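Engineer: Turn this into a structure:
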Amino acid sequence: MSNEFIFLRHALTNVDLSKPADQWDLSEEGIKNIKEKVQSGVFDDIEIIISSAEKKALQTASFIAKKLDKKIKSNASFNELNRGFSYQTRKSEYDKKVERALTDKEECADNWESAKSTLDRFLVGVRALNLEFSNRKILIVCHGINLSLYFAHLLNIPDNQQFLRWKNLEFCAWGIVKNNKILKDIVK
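Structural biologist: This next block holds a predicted model:
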């Protein structure tokens, strides 16, 4: 056990309402930001790279994998809260849905996966990696909602405060967790 997990939110994406969110590509700005993050050296000692199975996370991970000459293991346990095809054209509508999901973990609003189900799936993924590996430095590239849920869970943050954390979570933000303790919070 005693793995050190570095959690990284994927880079900024191009919102393409003709596709489900899990098929969106990184934007030019997102590519620039992840390239800068990779060149900073912050991920140079990563031993294992795990990514959500979603395209934007895999694309983000690919820049790190290329620099470190490592393979990426895709793991759907770290996929974002499943929102189906219901991304709203207005950000305010989307934000209201996220707020509902984060404050009522059992609710499946608008055919979204519940936040409880997302967090449970994420926790199972982390536990499985802790069983598979020991004393390794593992990068997990994933998404804003599931990272907000996971870090809030570890910090015992009340549900009514989790939406604000999500709103303050930047693209390409990263945090560190070891032995279920946060060494570096994902939100500044």
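Engineer: what about the residue lying closest to residue 150 once chain neighbours are set aside, distance to residue 180?
Structural biologist: Sequence neighbours aside, residue 122 is the residue nearest to residue 150 in space, at 5.4 Å (criterion: C-beta to C-beta, 6 or more residues apart in numbering). Quick note: C-beta positions are derived from backbone N, CA and C, even for glycine. According to C-beta to C-beta, to the nearest Å, residue 122 and residue 180 sit 13 Å apart.
Engineer: again with residue 106
Structural biologist: Residue 106 is 23 Å from residue 180, by C-beta to C-beta.
Engineer: If you count surrounding residues, which of those two has more?
Structural biologist: For residue 106 versus residue 180, the count of surrounding residues by other C-beta atoms under 10 Å is larger for residue 180: 11 against 8.
Engineer: Not counting sequence-adjacent ones, nearest residue to that one?
Structural biologist: In space, and not counting its chain neighbours, residue 180 is closest to residue 154: 6.2 Å by C-beta to C-beta, 6+ apart.
Engineer: if we look at the helix or strand hosting that neighbour, which residues are touching it?
Structural biologist: Using DSSP states H and E, residue 154 maps to helix 144-155. Residues external to helix 144-155 that are found in contact with it (C-beta atoms under 8 Å, 6 or more residues apart in numbering): 7, 9, 78-81, 98, 101-102, 115, 118-119, 122-123, 126, 157, 161-162, 165-166, 169, 171, 173, 175, 177, 180-182, 185-187.
Engineer: List the buried residues in that helix.
Structural biologist: Neighbour-count burial for helix 144-155 flags 144, 145, 146, 147, 148, 149, 150, 151, 152 (criterion: 16 or more other C-beta atoms under 10 Å).
Engineer: returning to what we had before: looking at the contacts of helix 144-155, which are in strands?
Structural biologist: Among the contacts of helix 144-155, the members falling in strands are 7, 9, 175, 177, 181, 182 (criterion: DSSP state E).
Engineer: And the furthest pair within the residues you listed?
Structural biologist: 9 and 181 (19.9 Å; C-beta to C-beta).
Engineer: pull the helix or strand with minimum mean pLDDT from the protein.
Structural biologist: helix 91-103 (a mean of 85; mean pLDDT, DSSP states H and E).
Engineer: tell me the angle it makes with helix 144-155.
Structural biologist: Between helix 91-103 and helix 144-155, the angle comes out at 30 degrees (axes from the mean of the first three to the mean of the last three C-alpha atoms, to 10 degrees).
Engineer: you'd agree residue 110 is up against residue 98?
Structural biologist: No. The pair residue 110 / residue 98 is not scored as a contact, 11.1 Å apart, by C-beta atoms under 8 Å.
Engineer: which one of the two has more residues nearby?
Structural biologist: Taking other C-beta under 10 Å, residue 110 and residue 98 do not tie; residue 98 has more neighbours (21 against 13).
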